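Asker: Give me coordinates for this.
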Amino acid sequence: MRELLGADVTTQRALLAQGALTAVEMANAYLDAIEHSQPTLNAFIAIDRERTLAAARDSDAHRARQGARALEGVAIAVKDNLDVAGWRTTAGMATRRDAAPAAHDSAAVAKLRDAGAVILGKLNMHEAALGADNLNPHFGACHNPHRHGYTPGGSSGGSGAAVAANLCSAALGSDSMGSVRIPASYCGVFGLKPSFGAISPRGSVCVSRRLDHVGPLARSARDLGLLLAAMAGFDPACAQSRAVEFAAAGAGPLRIGVPALTAIDIDPEVGAAFVRGLDMLRAAGHLIVALPAAQLDSGTVRRSGLLVCEAEMLVEHADHWRTRRADFSPQLAGMLAWAERKSALEFVAAQRAMDAAQVQVQMWLASCDVLASPTTPQRAFAFGAPVPANQADLTCFASMAGVPALSLPLPVGAGELPIGLQLIGRIGDDLRLLALAQTCSEWRNSGEWPLAATT
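Answerer: Numbering: from 1, shown residues only. Modelled structure (predicted):
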């Protein structure tokens, strides 16, 4: 059963279809694993064994009566800023711990249920989804499965940790400036930020209407494709939803653009792993195209996005900010208070900086098919260590441009913390990115991708 829990969704679907496994058996096994892991990993905020097993029984009955849907019996865990009917949506905040359970599923969760998925529980996250270490002061720190006491990244830290620790088949996260891709990188799993609006964010706790994306995390690129297919589609009830037409993945060599990253402080081991990743892409027949550095400072871009998020969250949480400010952590309260002191002119200037970042991405993609970079400038770091200010410097550009981006794990030595490779494409090129990531993972699994001499 342990091997089964670590299998990807594609493999689990096959076993379920063959009758070698039932949805109830898989849900029970995951629930046992979650309960065993909670004292040390703390990836989940809430589980409900009876509710989950009832859903698994319904899934098995549906398979027997009507046949299997696309994700029949697959066990999905959900970041706790996305509504799941009957569960509280805390967004990792003390102000929402006593909220009434959600009356309806979020749009993404509803589509997963329609496809036959079983919801396992709600995942730990950085408070209010505004941060990237998941050291949550209200629900406890979520730890990186690869090294206790280290961050799994954030804000979808519980999502990355749960997938990496084999506590679910796959997970849902949200990404405003990197919050799916950063934990995917730190935890060594696959994470997709789709084209803006391809998956409706309706039913989520808003960070930024312009930047918020719902995205899956999984143990393979092919799983990301299954989950994207289940959740994508225009939602007329959501202003941020878009009728994205996905281009075919295509075949043949691609031009992989690599912007100069000299202005970003990238840890040497991350840079070395990235170079090996480029060597693999080149050996697979793709052309590596050197691109100029960004014409604007990545720190300025990141801070502009942060200001927009903070300002919008003052609206999202206005009632609690007015009546329960003491329930905001000092860190979060300080960020929102800082935005409260900013002027409308400064907010517009931040929006214009974000526009410039979007243009920069469009200019790069005019010279290539796909952009590549490390996902994060560093590996996961220990709780208590200084939080790197540049965590999102490599991920924020794609968020502001609304283009699809994913993180896939690069090979590292035994016992080493993971490192991620980020791929970025044009709007609608999600399938191209997934196909390229699948090729990379197959190459990696073949053992033909050499590690550094020291490993």
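Asker: Which of the three states applies to Gly252?
Answerer: Secondary structure, DSSP: H, G, I helix; E, B strand; the rest coil: Gly252 is coil.
Asker: Check the gap between it and Ala290 for me.
Answerer: Look at Gly252 and Ala290: by C-beta to C-beta, to the nearest Å, they are 21 Å apart. Heads up, the C-betas are built off the backbone N, CA and C, glycines and all.
Asker: the more surrounded of the two?
Answerer: Between Gly252 and Ala290, Ala290 has the larger neighbour count (other C-beta atoms under 10 Å), namely 10 against 7.
Asker: can you give me phi and psi for the more buried one?
Answerer: phi -80, psi 130 (degrees, to the nearest 10).
Asker: where do the strands sit along this structure?
Answerer: 44-47, 75-79, 118-123, 135-136, 140-141, 170-175, 190-193, 213-218, 255-259, 287-291, 370-374, 405-409, 420-424 (DSSP state E).
Asker: what ranges of the stretch 51-200 of the chain fall below the confidence cut-off?
Answerer: For the stretch 51-200 of the chain, applying pLDDT under 70 flags no range at all.
Asker: Now Gly131: closest residue in space, sequence neighbours ignored.
Answerer: Closest residue to Gly131 apart from its sequence neighbours, by C-beta to C-beta, 6 or more residues apart in numbering: Gly154 at 5.5 Å.
Asker: Give me the neighbour count for that neighbour.
Answerer: Gly154 is flanked by 30 other residues according to other C-beta under 10 Å.
Asker: Equivalent analysis for Gly250, please.
Answerer: Other residues near Gly250 number 12, with proximity taken as other C-beta under 10 Å.
Asker: Then Ser399?
Answerer: With other C-beta under 10 Å as criterion, Ser399 counts 31.
Asker: ok, Ala437 touching Ile424?
Answerer: No: between Ala437 and Ile424 there is no contact under C-beta atoms under 8 Å: 11.6 Å.
Asker: circling back: how far away is the residue nearest to Gly131 from Val74?
Answerer: For Gly154 relative to Val74 (C-beta to C-beta), the value is 25 Å.
Asker: before we move on, what about Ala33?
Answerer: For Ala33, the distance to Val74 (C-beta to C-beta) stands at 16 Å.
Asker: of those two, who's got more company?
Answerer: For Ala33 versus Val74, neighbours defined as other C-beta under 10 Å are more numerous around Val74 (28 against 19).
Asker: Identify the single longest helix in the protein, thanks.
Answerer: Using DSSP state H to define each element, the chain has its longest helix at helix 344-365.
Asker: which other helices and strands contact that helix?
Answerer: Here helix 344-365 touches strand 255-259, helix 298-316, strand 370-374, helix 396-401, going by 3 or more C-beta pairs under 8 Å, 6 or more residues apart in numbering; DSSP states H and E.
Asker: Low-confidence regions, the stretch 251-400 of the chain specifically.
Answerer: In the stretch 251-400 of the chain, no residues with pLDDT under 70.
Asker: let's see 90
Answerer: By pLDDT under 90, the low-scoring segments of the stretch 251-400 of the chain are 251-252, 262.
Asker: what about the residue lying closest to Leu227 once chain neighbours are set aside, neighbour count?
Answerer: Using C-beta to C-beta, 6+ apart and skipping residues adjacent in sequence, the residue nearest Leu227 is Pro216, 3.9 Å away. Neighbourhood size, Pro216 [other C-beta under 10 Å]: 31.
Asker: for Val118, same thing?
Answerer: 29.
Asker: Can you verify my assumption that it contacts His62?
Answerer: No: counting by C-beta under 8 Å, Val118 does not reach His62; the two are 10.9 Å apart.
Asker: Look up how far Pro388 lies from the nearest residue to Gly188 once chain neighbours are set aside.
Answerer: Counting by C-beta to C-beta, 6+ apart, Gly188 lies nearest to Pro418, which is 3.1 Å off, once chain neighbours are set aside. Applying C-beta to C-beta, the value for Pro418 to Pro388 is 16 Å.
Asker: Buried residues, stretch 432-446. List them.
Answerer: For stretch 432-446, the neighbour count (16 or more other C-beta atoms under 10 Å) marks Arg432, Leu433, Leu434, Ala435, Leu436, Ala437, Gln438, Thr439, Cys440, Ser441, Trp443, Arg444 as buried.
Asker: whoops, I mixed them up, stretch 83-91
Answerer: Using 16+ other C-beta under 10 Å as the test for burial, stretch 83-91 gives Asp83, Val84, Trp87, Arg88, Thr89, Thr90, Ala91.
Asker: and if you look at stretch 269-279?
Answerer: For stretch 269-279, burial by neighbour count (16+ other C-beta under 10 Å) applies to Glu269, Val270, Ala272, Ala273, Phe274, Arg276, Gly277.
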